[in-house]
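A.B. asks: for reference, the sequence and a predicted model appear below.
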Amino acid sequence: MNSFLGIDTTDKADLRRMIDAARAMKDARAGQPRGAPDAEQPLRNRMVALIFEKPSTRTRVSFDLGVRQMGGQTMVLSGKEMQLGHGETIADTARVLSRYVDLIMIRTFEEVTLLEMAEYASVPVINGLTNRTHPCQIMADVMTFEEHRGPIAGKKVVWSGDGNNVCASMIHGAGQFGFDFTFTGPQPLDPEREALDFARAQGVQAVIERDPMKAVEGADLVVTDTWVSMHDPQSARERRHNQLRGYQVNKLLMGQAKPDALFMHCLPAHRDDEVTSEVMDGPNSVIFDEAENRLHAQKAVMRWCLAV
């Protein structure tokens, strides 16, 4: 039984096999209606629980559709319906769900909730997002880059803005997939030192450069994310904008990267805050390919978890 809890906790060879499988499944679907089932039905007669303590658009739709395309069924549960850790322990919830379903995907706040669910479940658990990491997004990002530019190993990836949960998983990805990583942003929003140390231990460069113009020099990929969360109060939003204004991804910044550098954003985006519409809609942007590839990458993750 394999749980997918983080890029850093998954074997490199398995990560590569998942990317290859995702590409193969996407190719096999070429030209079919979007809702058509896959020719293979590896999740036939399987039930997958999709737990959302945090609301979602892409994660919910992509996992739900992915399960259905592979012949399985889903049970979608919200945090309000489950009240995880309130009234019943997470451990007991994990034990009970394991008697009903074959696989659990959870999108939650605290990393400890994910880890406790995985510890006590007797079925595989997938990290759909926590406040600390977002590994499924990075699988889609690597897949997308390689579709457009070939192997990501040895490339330079620059993250501009907030060193958040997606950034942490991107740094883990640098170590596991062999690309160099540069973070540019204000010191209070630096990524976790633990993530940087992990990447460096794998033999890649993982550095911080405060000057965004210098940071993106020679970049093959520039990535950003929202400056504020839907849960942030107004005061925090104003502070974040003041901190991050100089790290907006715009035409001038992209001009310092390689001419064929790609731009990515996990979405949803606040247009003309962290990135200008000119960049989002420009020729180097692959944000909608990236969003689509969440579907294919997560299907590969689910198949790996269930060994089907």
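C.D. replies: Yep, that arrived. Everything quoted here is computed from the prediction, not taken from an experiment.

A.B. asks: could you use CA atoms for every contact and neighbour count after this?
C.D. replies: Fine.

A.B. asks: show me where this protein has strands.
C.D. replies: 47-52, 73-78, 103-107, 125-129, 156-160, 180-184, 206-208, 221-224, 262-265 (DSSP state E).

A.B. asks: domains for this protein, by residue range?
C.D. replies: 32-132, 137-290 (the TED database).

A.B. asks: and the ones you listed as CSV, adding distance to Arg303 and mean neighbour count?
C.D. replies: Shown next, in CSV, are the domains of the chain (distance: least, Cα to Cα, whole Å; neighbours: other Cα atoms under 10 Å):
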stretch, distance to Arg303, mean neighbour count
domain 32-132, 7, 18
domain 137-290, 14, 19
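
A.B. asks: so which elements touch the longest helix along the chain?
C.D. replies: Criterion DSSP state H: the longest helix present in the chain is helix 287-306. Applying 3 or more Cα pairs under 8 Å, 6 or more residues apart in numbering; DSSP states H and E, we find helix 287-306 packed against helix 12-29, helix 58-69, helix 135-149, strand 262-265.

A.B. asks: go with 10 Å
C.D. replies: Here helix 287-306 touches helix 12-29, helix 58-69, strand 103-107, strand 125-129, helix 135-149, strand 262-265, going by 3 or more Cα pairs under 10 Å, 6 or more residues apart in numbering; DSSP states H and E.

A.B. asks: distance to Met302 and mean pLDDT added to the domains of the chain, as JSON lines?
C.D. replies: JSON lines is the format used below for those (distance: least, Cα to Cα, whole Å; pLDDT from 0 to 100):
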{"stretch": "domain 32-132", "distance to Met302": "8", "mean pLDDT": "94"}
{"stretch": "domain 137-290", "distance to Met302": "12", "mean pLDDT": "96"}
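
A.B. asks: show me the one of those domains that comes nearest Arg17.
C.D. replies: domain 137-290 (11.1 Å; Cα to Cα).

A.B. asks: what's the span of the closest one, first residue to last?
C.D. replies: 9 Å (Cα to Cα, to the nearest Å).

A.B. asks: so what's the residue positioned nearest the centre of the chain closest to, chain neighbours aside?
C.D. replies: The residue lying closest to the centre of the chain (Cα atoms, centre = their mean) is Gln137, at 1.7 Å. Spatially, and ignoring its direct neighbours in sequence, Gln137 is nearest to Arg294 (6.6 Å; Cα to Cα, 6 or more residues apart in numbering).

A.B. asks: ditto for Asn131
C.D. replies: Looking at Asn131 with Cα to Cα, 6+ apart, the closest residue is Phe109, at 5.1 Å.

A.B. asks: the one you found: what's it in contact with?
C.D. replies: Listed by Cα atoms under 10 Å, 6 or more residues apart in numbering, the contact set of Phe109 reads 52-54, 129-133.

A.B. asks: swap in 8 Å and give it another go.
C.D. replies: 53-54, 129-131 (Cα atoms under 8 Å, 6 or more residues apart in numbering).

A.B. asks: now swap in Pro151 and tell me
C.D. replies: Phe145.

A.B. asks: same thing but 6 Å
C.D. replies: With contact set as Cα atoms under 6 Å, 6 or more residues apart in numbering, Pro151 has no partners.

A.B. asks: cool, the one 5 residues further on as well?
C.D. replies: Neighbour list for Lys156: 180-181, 219-220 [criterion: Cα under 6 Å, 6+ apart].

A.B. asks: give me that answer again for 8 Å
C.D. replies: 179-182, 218-221.

A.B. asks: farthest pair within those?
C.D. replies: Phe179 and Gly218 (13.2 Å).

A.B. asks: Throw the strands of the chain into a markdown table and include distance to Gln32, thanks.
C.D. replies: What follows is the strands of the chain, written out as a markdown table (distance: least, Cα to Cα, whole Å):
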| stretch | distance to Gln32 |
| --- | --- |
| strand 47-52 | 24 |
| strand 73-78 | 21 |
| strand 103-107 | 27 |
| strand 125-129 | 27 |
| strand 156-160 | 33 |
| strand 180-184 | 37 |
| strand 206-208 | 41 |
| strand 221-224 | 30 |
| strand 262-265 | 26 |
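
A.B. asks: so for Arg193, which of the ones you listed sits nearest?
C.D. replies: strand 206-208 (10.2 Å).

A.B. asks: can you tell me what sits against that closest one?
C.D. replies: 171, 174, 180-184, 196, 199-200.
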